[in-house]
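Trainee: sequence plus predicted model, see below.
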Amino acid sequence: MKKPIFTGAGVAIVTPFTGKGSINYDEFKKIIDHQIENGTDAIIVMGTTGESPTCPEDEHEAAISFCCEYVNGRVPVVAGAGSNDTRTAIKLTKSAKASGADGVLSVTPYYNKSTQRGLIAHFNAIADCECPVILYNVPSRTGISFTAQTYYELSKHPYINGVKEASGNFSLLAEGRALCGDELNFWSGNDDQVVPLMSLGGKGVISVLSNVAPREAHEICQLCLDGKYEEATQMQLKYLDLINALFCEVNPVPVKKAMELLGWNVGPLRLPLVEPTAEHTALLKAELEKMGCKI
């Protein structure tokens, strides 16, 4: 049985930038503190929501090192360390491990893609760094998905801890759970699917919603962990419109705008991401107000 790196709601945390485009570490501290003070169970840094695709390696590694040092063991830190180049993924994984990360989040190779045999070789090579690995299955972004049999083969590696499952394919999830048992943990990669995934034995969520509603995301997961699925379902449905609004454009465009509306100094997006439309900004504002947030 593999102990999960965390249970509950881990925030896929945004990266705040200054007006000149560098990382705003002063604001980053405030965001991290706010998350931990409001029940977030883990910090996932330098993932897609953190705009990792537009962060060069040195900046990427510096942000992870800063986060690990500042969190200082208060909650687990999972570092985005994926790449479509195995050598780069290994380098980022070793760096994250040296910085004190509790694990890494490693996405399936995008663009060049891979066969299933290639996925097994790629992720086993990363896991050989002896840092716990959460596989990231998001075929809408990468064009490739794991199979359940591949999950089973990868679950044999002692340092492959689990999967962030964002395919929306519950047949894949169910088959993977049946094959792997307790040797592979699963987290939802979609905020609108937390309860159904956890009902199949999932450990929680890696969440965008947590950026603006950390206490609520935590409580949805905790209710599931406590076996209170009816109450969890009601909470999931209560926040469904806000969750949908946070994905009205490509992530992290809406969530950074939502945080700005809530008063956070998250700064500009990096191209090719641009500000949401006025219509979508109004939608975000309306949904936040509906949830009782002061804009």
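Mentor: Received, thanks.

Trainee: how about the helices in the stretch 151-295 of the chain?
Mentor: For the stretch 151-295 of the chain, the helices defined by DSSP state H, counting those that start in this stretch cover 170-180, 194-199, 214-225, 229-238, 240-245, 253-261, 278-290.

Trainee: pull the number of nearby residues for residue 211.
Mentor: If you count neighbours by other Cβ atoms under 10 Å, residue 211 ends up with 26. Quick note: C-beta positions are derived from backbone N, CA and C, even for glycine.

Trainee: shouldn't it be in contact with residue 259?
Mentor: Yes: using Cβ atoms under 8 Å, residue 211 is in contact with residue 259, at 6.0 Å.

Trainee: okay, and the common contacts of the two?
Mentor: residue 14 (Cβ atoms under 8 Å, 6 or more residues apart in numbering).

Trainee: now do the strands in the stretch 101-250 of the chain.
Mentor: Listed in chain order, the strands of the stretch 101-250 of the chain (DSSP state E, counting those that start in this stretch) span 103-107, 133-137, 160-165, 185-188, 204-207.

Trainee: could I get the ones you listed as CSV with mean pLDDT, mean neighbour count and distance to residue 294?
Mentor: Below are the strands of the stretch 101-250 of the chain laid out as CSV (pLDDT from 0 to 100; neighbours: other Cβ atoms under 10 Å; distance: least, Cβ to Cβ, whole Å):
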stretch, mean pLDDT, mean neighbour count, distance to residue 294
strand 103-107, 98, 27, 32
strand 133-137, 98, 26, 34
strand 160-165, 98, 26, 32
strand 185-188, 98, 27, 29
strand 204-207, 98, 29, 22
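
Trainee: tell me which of the ones you listed lies nearest to residue 57.
Mentor: With Cβ to Cβ as the measure, strand 103-107 is the member of those nearest residue 57 (14.3 Å).

Trainee: put the alpha carbons of that closest one into CSV.
Mentor: The C-alpha trace of strand 103-107 is given here as CSV (Å, rounded to 0.1, in the frame of the first residue of the first chain):
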residue,chain,number,x,y,z
GLY,A,103,6.8,14.9,-4.6
VAL,A,104,6.6,16.0,-8.2
LEU,A,105,3.7,16.3,-10.7
SER,A,106,4.8,14.9,-14.1
VAL,A,107,2.6,15.4,-17.2
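
Trainee: and that strand, how far out from the chain's middle?
Mentor: The chain centroid and the centroid of strand 103-107 are separated by 9 Å, computed with Cα atoms, centre = their mean, to the nearest Å.

Trainee: how about low-confidence regions in the stretch 101-250 of the chain?
Mentor: Applying pLDDT under 70 to the stretch 101-250 of the chain flags no residue at all.

Trainee: and the closest residue to residue 212 other than its chain neighbours, what does it touch?
Mentor: Of all residues not flanking residue 212 in the chain, residue 258 sits nearest, at 5.1 Å (Cβ to Cβ, 6 or more residues apart in numbering). When contacts are counted by Cβ under 8 Å, 6+ apart, residue 258 is found next to 211-212, 245-246, 284, 288.

Trainee: equivalent analysis for residue 259, please.
Mentor: So residue 259 contacts 14, 211-212, 266 (Cβ under 8 Å, 6+ apart).

Trainee: so the residue nearest to residue 185 when sequence neighbours are not counted bridges to which residues?
Mentor: In space, and not counting its chain neighbours, residue 185 is closest to residue 162: 3.2 Å by Cβ to Cβ, 6+ apart. Residue 162 forms beta bridges with residue 134, residue 185, as assigned by DSSP bridges.

Trainee: from residue 272, how far out is residue 162?
Mentor: Going from residue 162 to residue 272 by Cβ to Cβ, to the nearest Å gives 31 Å.

Trainee: likewise for residue 245?
Mentor: With Cβ to Cβ as the criterion, residue 245 and residue 272 are 22 Å apart.
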